[in-house]
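J.: make a model of this:
(2 chains)
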Protein chains: 2
Amino acid sequence: MNRVQSVLYPYVSVDCVVFGFDGERLKVLLIERNMNNSSEGLSDKKLPGSIIYENEDLNTAAVRVLHELTGLKNIYLSQFHSFGNPERSNNPRDKQWLERTTKLKIGRLVTVGYVALIKISRKIIFESESTTARWYDIKSLNTFQLAFDHNKVALEALNYIRNKVKYETYTLFELLPQKFTMTQLRNLYDIILETKSDVRNFQKKMLQVEGLEQLDEFQKDVPYRAPRLYRYNKRKGAAPSK
Amino acid sequence: MNRVQSVLYPYVSVDCVVFGFDGERLKVLLIERNMNNSSEGLSDKKLPGSIIYENEDLNTAAVRVLHELTGLKNIYLSQFHSFGNPERSNNPRDKQWLERTTKLKIGRLVTVGYVALIKISRKIIFESESTTARWYDIKSLNTFQLAFDHNKVALEALNYIRNKVKYETYTLFELLPQKFTMTQLRNLYDIILETKSDVRNFQKKMLQVEGLEQLDEFQKDVPYRAPRLYRYNKRKGAAPSK
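T.: Numbering: from 1, shown residues only, chains lettered A, B, ... in the order given. A predicted model of the protein is given here:
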């Protein structure tokens, strides 16, 4: 190893991309920085994240920050990619916010990205002293700018999930309620894979997925012909137990 | 985001796990720290790696360090996982080596792992002023301790490749010479997936891989019946162009 020519102390953070699905839209959980009492009115949206603590492992930091900012516990988080562009924290607004919240002078920030798929019915604490958590349609990421490079981080997470779903269909079931309709499953699949599946072919294909069970139950309280419900039986399927 | 209670400045490094295949054994490229002139005789083996420079992106650092330590250029490196156990650089020998080579007091080290698959015939500079590069059988990782947590990093890289090969068979061809025998392909597959494939079934399965072409050529200079050669035609196969 050659001598390091010049070293700046980078801080290391973790950021969590949490996806949920409401039956029609794929959503991502964002945090709003409540700084309305400041004259600058910093209220950008960002991914739930934090600088890692001393003696804290990366995974531990990801679990901690998600719990602190959303109340979510026992969430399976997968590390998917790290982001280290030296300019990713150059925006003065981001720098200012970092200094206020951490009381540190932070130059460079390398972040380790984690992704989680959760049932959107999970209880979330949406409001804390200094932040507000909220679900946003994944498509809205094209319409506004998150803090740091968080648009990129979120889209890379989606890409990671897309690749996973291609080969491990059961990944989808983590985002669906326990019982779901074939239309919900198809909507979710098409959003993630950016496809437009044919209704019949899709159903045929899905019924071959090990563990997918057709129920003798139908969706209630719908103004049209009630669609059949399905569920995913983990014990019969290929999903690994976590 | 809650205020950071206590922050230690972690250094960020990159480490490269480079795999090669000699027809029989899967190998990993390791660096020997030449410190024989010191009384401590530090000569542990490690993965090629380095602390990232100021204003250097992670990918750029990985490409740089691999070139510096092995002469390898134009190598496709994939980021696969980051390692941040606070104790991963606690070994006094590793600490001592870090201080000597970087002239820095380094506490904690978070490393971003990269993996590359290369043809073992690639020209490598095996000896530099302070390091020696060498291929080691991947199985030997069970028999000796690398610096830091590099055994773990290398095995995680292998795991990453294993998952890739499961779904994207063409990954294997990056490790094989341009023309190869079915036995070489099967050996490689079995080492990575930890399987023992049946000769006939394997051949049948592989001939279905898009882009795999059976040639009218046979291996030369073998003391037994010359086996047929195959090659992978990227343009016809599913491998994405990089």
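J.: what helices and strands are in contact with the longest helix anywhere in chain A?
T.: When chain A is scanned for its longest helix (criterion: DSSP state H), the result is helix A:150-167. With contacts taken as 3 or more Cβ pairs under 8 Å, 6 or more residues apart in numbering or on different chains; DSSP states H and E, helix A:150-167 sits against strand A:11-21, strand A:78-83, strand A:109-117, helix A:182-193, helix B:150-167. Where you see a C-beta, it was placed from the backbone N, CA and C, and this is true even at glycine.
J.: export the last one as CSV, just CAs?
T.: What that stands for is helix B:150-167. Output in CSV follows, covering the C-alpha atoms of helix B:150-167 (Å, rounded to 0.1, in the frame of the first residue of the first chain):
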residue,chain,number,x,y,z
HIS,B,150,-10.2,-9.8,5.3
ASN,B,151,-11.1,-13.5,5.5
LYS,B,152,-14.6,-12.4,6.1
VAL,B,153,-14.5,-9.8,3.3
ALA,B,154,-13.2,-12.4,0.8
LEU,B,155,-15.8,-15.0,1.8
GLU,B,156,-18.6,-12.4,1.5
ALA,B,157,-17.3,-11.6,-2.0
LEU,B,158,-17.5,-15.3,-2.8
ASN,B,159,-21.0,-15.4,-1.5
TYR,B,160,-21.9,-12.5,-3.6
ILE,B,161,-20.5,-14.2,-6.7
ARG,B,162,-22.3,-17.4,-5.8
ASN,B,163,-25.7,-15.6,-5.7
LYS,B,164,-24.9,-13.9,-9.0
VAL,B,165,-23.9,-17.2,-10.7
LYS,B,166,-27.2,-18.8,-9.5
TYR,B,167,-29.2,-16.4,-11.7
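J.: now the angle between strand B:78-83 and it, please.
T.: 140 degrees (axes from the mean of the first three to the mean of the last three Cα atoms, to 10 degrees).
J.: list the buried residues in helix B:150-167.
T.: B:150, B:152-158, B:160-161, B:163-165 (16 or more other Cβ atoms under 10 Å in any protein chain shown).
J.: need those in TSV with pLDDT, can you?
T.: Below are the buried residues of helix B:150-167 laid out as TSV (pLDDT from 0 to 100):
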residue	pLDDT
B:His150	97
B:Lys152	97
B:Val153	98
B:Ala154	97
B:Leu155	96
B:Glu156	97
B:Ala157	98
B:Leu158	97
B:Tyr160	97
B:Ile161	97
B:Asn163	94
B:Lys164	94
B:Val165	95
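J.: B:Leu229: which of those residues is nearest?
T.: If you rank those by distance to B:Leu229 using Cβ to Cβ, B:Val165 comes first, at 21.2 Å.
J.: roughly how far does that closest one sit from B:Leu185?
T.: 11 Å (Cβ to Cβ, to the nearest Å).
J.: hey, what's in contact with both of those two?
T.: B:Leu172 (Cβ atoms under 8 Å, 6 or more residues apart in numbering or on different chains).
J.: could you dump the helix or strand of chain A with the lowest mean pLDDT to CSV, C-alpha only?
T.: Here the helix or strand of chain A ranked lowest by mean pLDDT, DSSP states H and E is helix A:92-102, holding a mean of 85. The C-alpha coordinates for helix A:92-102 follow below in CSV (Å, rounded to 0.1, in the frame of the first residue of the first chain):
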residue,chain,number,x,y,z
PRO,A,92,-24.6,24.7,1.8
ARG,A,93,-28.1,23.9,3.1
ASP,A,94,-27.1,20.3,3.8
LYS,A,95,-23.8,21.4,5.4
GLN,A,96,-25.7,23.9,7.6
TRP,A,97,-28.2,21.3,8.7
LEU,A,98,-25.5,18.8,9.5
GLU,A,99,-23.7,21.3,11.7
ARG,A,100,-26.8,22.2,13.6
THR,A,101,-27.8,18.6,14.3
THR,A,102,-24.5,17.1,15.0
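J.: quick one: that helix near chain B?
T.: Yes - counting by Cβ under 8 Å from any Cβ of the partner chain, chain B has neighbours in helix A:92-102: A:101-102.
J.: and that helix, how far out from the chain's middle?
T.: 23 Å (Cα atoms, centre = their mean, to the nearest Å).
J.: which residues does the closest residue to A:Gln184 other than its chain neighbours contact?
T.: Distance criterion Cβ to Cβ, 6 or more residues apart in numbering or on different chains; nearest residue to A:Gln184, sequence neighbours excluded, is A:Gly23 at 4.9 Å. Residues near A:Gly23 by Cβ under 8 Å, 6+ apart: A:180, A:184, A:187.
J.: and those as JSON lines, adding pLDDT, distance to B:Asn85 and neighbour count?
T.: JSON lines is the format used below for the contacts of A:Gly23 (pLDDT from 0 to 100; distance: Cβ to Cβ, whole Å; neighbours: other Cβ atoms under 10 Å in any protein chain shown):
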{"residue": "A:Phe180", "pLDDT": "96", "distance to B:Asn85": "39", "neighbour count": "23"}
{"residue": "A:Gln184", "pLDDT": "95", "distance to B:Asn85": "40", "neighbour count": "22"}
{"residue": "A:Asn187", "pLDDT": "96", "distance to B:Asn85": "40", "neighbour count": "19"}
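J.: closest to chain B among those residues?
T.: Set against chain B, the nearest of the contacts of A:Gly23 by Cβ to the nearest Cβ is A:Asn187 (24.4 Å).
J.: which ones are touching that closest one?
T.: A:23-24.
J.: repeat that for 6 Å
T.: A:Glu24 (Cβ atoms under 6 Å, 6 or more residues apart in numbering or on different chains).
J.: picking up where we left off before, want to throw the helices and strands packed on helix A:150-167 into a markdown table with distance to A:Phe202?
T.: Below are these laid out as a markdown table (distance: least, Cβ to Cβ, whole Å):
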| stretch | distance to A:Phe202 |
| --- | --- |
| strand A:11-21 | 16 |
| strand A:78-83 | 26 |
| strand A:109-117 | 20 |
| helix A:182-193 | 5 |
| helix B:150-167 | 21 |
